[in-house]
Structures are given as structure tokens and as C-alpha cells.
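# Could you look at this predicted model? Sequence included:
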Amino acid sequence: MGLFGRKKDGGPVLREMVANLHWDLEDPFIFASHHFDRYPKGNERQAPPKEEIEKKDLGNDYHGLFGYRLYTSKMTPGFQLHSHWGYETVTYVPQGYVDHFDSQGNQGRYGYGDMQWITAGGLYSHCEMYPLAHQDRENPQLVTQIMINLPLSEKNTPPEVHTVWKEDLQEFSEDGCTFTLLAGTFRGRTAKVPSQRSWAADPAHHVLILRVLMGPGSTLRLGPTDAKHRNIYITDCRATVAGKEYHEDTRLKLRPEAPVEITMGDRESELWVLEGDPIGEKQSRWGPVVLGTDAEVRNANNEIRRKEGPEWQWEYVNQKQPLGTERFYRSADGTESRPKGKNPGE
């Protein structure tokens with residue numbers, strides 16, 4: 001977090017703000033997190049060495065001691081059982097695995113370029129663990145998670161879970177950049193949004209979720225957009241935007257009607273572009289719930305406290321797949337999906 005500086009020079013950059021582990025966003029987006037952890041070799045529990053774990057703030061480890069975080073877990077890194085209600089979560093994992101178990105009976109392991117799209121209109125609980133699956137080498141993990149609000153008409157609808165394999169995403173390279181299009185239209189290509197309940201599913205809302213892997217010194221030119229909001233997120237390398245250099249971990253709010261040129265610094269790095277029209281509805285938010293009124297939010301949080309643990313059908317709140325598991329998704333009815341092949345990083 002940091003002060004959001006307002007620019008007054010009339011250029012394409014309107015404001016700048018710090019954006020490191022957690023990013024602030026604009027409607028229809030409500031929250032994002034960008035995680036990079038240098039996990040060591042895994043042991044038989046797909047966890048870091050015990051002597052390192054013991055020095056961590058177990059259950060709330062966000063400090064990066066030893067170059068990685070355990071997050072809410074106490075052994076295998078990740079996020080133990082928790083709930084969502086009233087919004088969507090888009091998770092993109094270019095490095096490492098995520099093990100997924102949920103309150104609907106779905107489970108899987110995805111990563112190495114895959115995306116998961118969860119539309120949680122109603123109460124939805126899951127765990128997301130980052131297994132250290134490789135015992136013969138280190139386990140670097142890169143995860144970006146973006147949350148999109150839902151309009152009031154889509155609150156309290158049944159949850160949907162979609163895993164989209166890397167091979168099925170819109171990914172292409174041009175001018176020293178590799179583009180991964182998760183939602184919206186960019187340079188003549190369109191990414192199909194898995195859930196038709198999503199605000200992003202209607203092209204009239206101009207939602208764009210774009211990850212750009214930029215080579216050292218490469219340049220990205222963005223033309224004007226019809227979206228009401230455009231923000232870019234500079235991750236782990238300095239970049240020059242509209243002639244000014246900005247350090248890593250920076251969010252820039254851009255004028256949507258103005259073209260802008262972005263040149264990456266001296267090493268390869270990610271850049272994220274988020275655009276969209278606001279939902280524009282008055283809503284209330286507290287904890288893992290976003291609904292229409294304060295009363296609805298209070299009632300929903302009380303329901304989560306009553307149901308989250310007792311209705312969890314898996315053995316552990318930090319459930320993970322067995323050692324040696326490859327990527328797959330299995331729905332509660334037994335239907336299974338797998339990617340076409342292995343990623344070279346696996």
C-alpha cells in the first residue's frame with residue numbers, strides 16, 4: 001500500500017501507487033495479489049525443511065523469511081480452508097502448482113501456465129495449497145490472483161469452477177513480448193470467459209485481463225481503449241512509461257483515451273493490464289463477503305462461521321494431492337479433465 005499520487009501534466013499517466021504483494025484496483029475489480037516465492041526442494045510432505053518452518057509465523061506467514069511465505073498454512077505453503085461469497089476469483093499460475101479442493105466436491109492440481117476461474121455468487125469454500133512437488137530441485141512459485149465483483153443480480157447464485165489449461169488459453173508473442181489473454185479482446189484475439197454470469201463475459205463491459213511477459217528493453221504500445229478504467233501493474237523490474245521511469249511494484253492509472261508506450265528495463269518481467277467498465281452499484285463488503293447491504297454481509301459472515309468447518313468434506317483443511325500427482329481437474333460428479341501434455345517446467 002502507499003499514497004496514490006495524482007499526476008497533473010496532461011500525459012497518459014493519471015496516478016501512481018505502490019503495488020507489491022497486494023494491489024488496489026478499480027470497479028469492477030476489487031482485489032488482487034501477486035505472489036512470487038523461491039521455495040526450496042520439497043520433502044515427502046511437499047513442504048519446506050522443518051528447521052525453516054519452525055522459524056516462521058505459522059498460520060500467518062507473509063514476511064518472506066528464507067525467500068518464501070507459508071501464508072495461512074503451517075506446513076505445505078498456501079491458503080487453508082477459507083470462503084468466498086459474492087465475487088469471482090481468477091488465478092493464473094505460470095510457475096509451480098496449486099492443489100485445489102472445495103466444498104462442492106471438486107478437486108485438482110493446476111499450474112505451469114493454467115488458469116482457474118471461480119464464480120462464487122453464493123457461499124463457496126476451498127483450500128489452495130502450493131505443494132513443493134519437486135524433491136530434486138527448487139520449487140519457484142508465481143501466482144497472480146484477481147478478484148472481479150459481481151452485479152447484484154448475480155449475487156447468491158450457485159458457484160461455478162472452471163480450470164482452463166495453458167494449451168487452451170490465448171497466448172501469443174510479438175515484438176519481444178509474450179501475451180497471455182485471460183479475458184477480453186486484444187490485438188484481434190478474444191479470450192472466452194468461462195462463466196456467463198461474469199461481468200467480464202459481456203463485451204459491452206470492456207473487461208480486459210492481460211498478462212505481458214516483456215523481454216529486456218522490449219516496448220509495448222497500448223492504443224486508446226473504450227473501457228472506462230485502465231490500470232497497469234509493473235511487477236519486478238523498472239519500466240519506462242510515457243518517457244518516465246517507474247520502479248518495480250508500481251500501479252499506474254492511465255487515461256483510457258490516450259495511447260501509451262511502455263519499455264521494460266534490463267531484465268525480463270511481467271506487466272499486467274486491467275481494464276473495464278464499472279458495475280457502479282452500491283454494495284457492502286467485509287471479510288470474504290461482497291453483497292448488497294451491511295445486514296446481508298453480517299448474515300453471510302455468520303453463516304460462514306457456522307458452516308465452513310462443519311460442512312468441509314475433506315480430511316484436512318490444508319488438503320493436497322499425493323506426491324507425484326500430475327495436473328488434472330475432477331468435478332464432484334467424477335468427470336475428469338487433463339491437459340494435453342506436460343509443461344517443460346514440470
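That came through, no problem.

# mind listing the helices for the stretch 151-300 of the chain?
294-307 (DSSP state H, counting those that start in this stretch).

# so where do the strands sit in it?
With DSSP state E, counting those that start in this stretch as the criterion, the stretch 151-300 of the chain has strands at 160-164, 170-174, 177-186, 189-191, 208-214, 219-222, 229-234, 239-241, 244-246, 250-254, 260-264, 269-276, 284-286, 289-291.

# which secondary structure elements does the last one contact?
If I follow you right, that is strand 289-291. Counting contacts by 3 or more Cβ pairs under 8 Å, 6 or more residues apart in numbering; DSSP states H and E, strand 289-291 packs against helix 294-307. Every residue, glycine included, has its C-beta placed from N, CA and C.

# what comes up buried for the helix it packs on?
By neighbour count on 16 or more other Cβ atoms under 10 Å, the buried set for helix 294-307 is 296, 297, 300, 301, 304.

# Stretch 233-250 too?
Using 16+ other Cβ under 10 Å, the residues of stretch 233-250 that count as buried are 233, 234, 235, 237, 238, 239, 241, 242, 246, 249, 250.

# Nearest to residue 288 among these?
Nearest to residue 288 out of these is residue 233 (Cβ to Cβ; 22.9 Å).

# The closest one contacts residue 262, correct?
No: under the criterion of Cβ atoms under 8 Å, residue 233 lies out of contact with residue 262, with a separation of 11.3 Å.

# Alpha carbons of stretch 28-44, as CSV, please.
These are the backbone C-alpha positions of stretch 28-44, laid out as CSV (Å, rounded to 0.1, in the frame of the first residue of the first chain):
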residue,chain,number,x,y,z
PRO,A,28,-15.3,-4.0,-11.5
PHE,A,29,-12.1,-5.4,-10.0
ILE,A,30,-12.0,-5.5,-6.2
PHE,A,31,-8.7,-7.1,-5.1
ALA,A,32,-5.6,-8.7,-6.5
SER,A,33,-2.5,-10.4,-5.1
HIS,A,34,0.8,-11.2,-6.8
HIS,A,35,2.9,-13.9,-5.2
PHE,A,36,6.5,-14.9,-6.1
ASP,A,37,8.2,-17.3,-3.7
ARG,A,38,11.5,-19.1,-4.0
TYR,A,39,10.5,-22.4,-2.4
PRO,A,40,13.3,-24.9,-1.8
LYS,A,41,13.4,-28.6,-2.6
GLY,A,42,10.3,-30.4,-1.2
ASN,A,43,10.3,-33.3,1.2
GLU,A,44,8.0,-36.2,1.4
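
# List the beta-bridge partners for the most centrally placed residue in the chain.
For the chain, the residue sitting closest to the mean C-alpha position, by Cα atoms, centre = their mean, is residue 145 at 1.1 Å. Judged by DSSP bridges, the bridge partners of residue 145 are residue 33, residue 91.

# Check it and give its pLDDT.
Per-residue confidence at residue 145 stands at 98 (pLDDT).

# I'd guessed it sits against residue 87; true?
No: counting by Cβ under 8 Å, residue 145 does not reach residue 87; the two are 11.8 Å apart.

# and this structure, what are its domains?
1-19+169-281, 29-165+292-316 (automatic domain parsing).

# hang on, the earlier thing: is it possible to export the buried residues of helix 294-307 to JSON lines including distance to residue 278?
As requested, the buried residues of helix 294-307 are exported to JSON lines (distance: Cβ to Cβ, whole Å):
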{"residue": "296", "distance to residue 278": "21"}
{"residue": "297", "distance to residue 278": "20"}
{"residue": "300", "distance to residue 278": "23"}
{"residue": "301", "distance to residue 278": "25"}
{"residue": "304", "distance to residue 278": "27"}
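
# Pick the one among those residues closest to residue 44.
Among the buried residues of helix 294-307, and counting by Cβ to Cβ, the member closest to residue 44 is residue 304, at 33.5 Å.

# Against residue 112, how distant is the closest one?
From residue 304 across to residue 112, the span is 32 Å (Cβ to Cβ, to the nearest Å).

# Which residues are in contact with each of residue 233 and residue 262?
residue 271 (Cβ atoms under 8 Å, 6 or more residues apart in numbering).

# pLDDT weak spots in the stretch 101-250 of the chain?
Counting by pLDDT under 70, the stretch 101-250 of the chain has no low-confidence residues at all.

# list the contacts for the residue nearest to residue 340 when sequence neighbours are not counted?
Leaving out its chain neighbours, the residue that sits closest to residue 340 by Cβ to Cβ, 6 or more residues apart in numbering is residue 167, at 5.2 Å. By Cβ under 8 Å, 6+ apart, the contact set of residue 167 is 339, 340, 341.

# between those residues, which is nearest residue 269?
When the contacts of residue 167 are compared for distance to residue 269, the smallest value, 26.1 Å, is given by residue 339; criterion: Cβ to Cβ.

# Hmm, that closest one is touching residue 166, no?
Yes: with contact taken as Cβ under 8 Å, residue 339 and residue 166 are classed as touching, separated by 6.7 Å.

# Can you work out which residues contact both of those two?
In contact with both residue 339 and residue 166: residue 114, using Cβ under 8 Å, 6+ apart.

# a markdown table for the buried residues of helix 294-307, including pLDDT and distance to residue 222?
Shown next, in a markdown table, are the buried residues of helix 294-307 (pLDDT from 0 to 100; distance: Cβ to Cβ, whole Å):
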| residue | pLDDT | distance to residue 222 |
| --- | --- | --- |
| 296 | 98 | 38 |
| 297 | 98 | 36 |
| 300 | 98 | 38 |
| 301 | 98 | 39 |
| 304 | 98 | 40 |
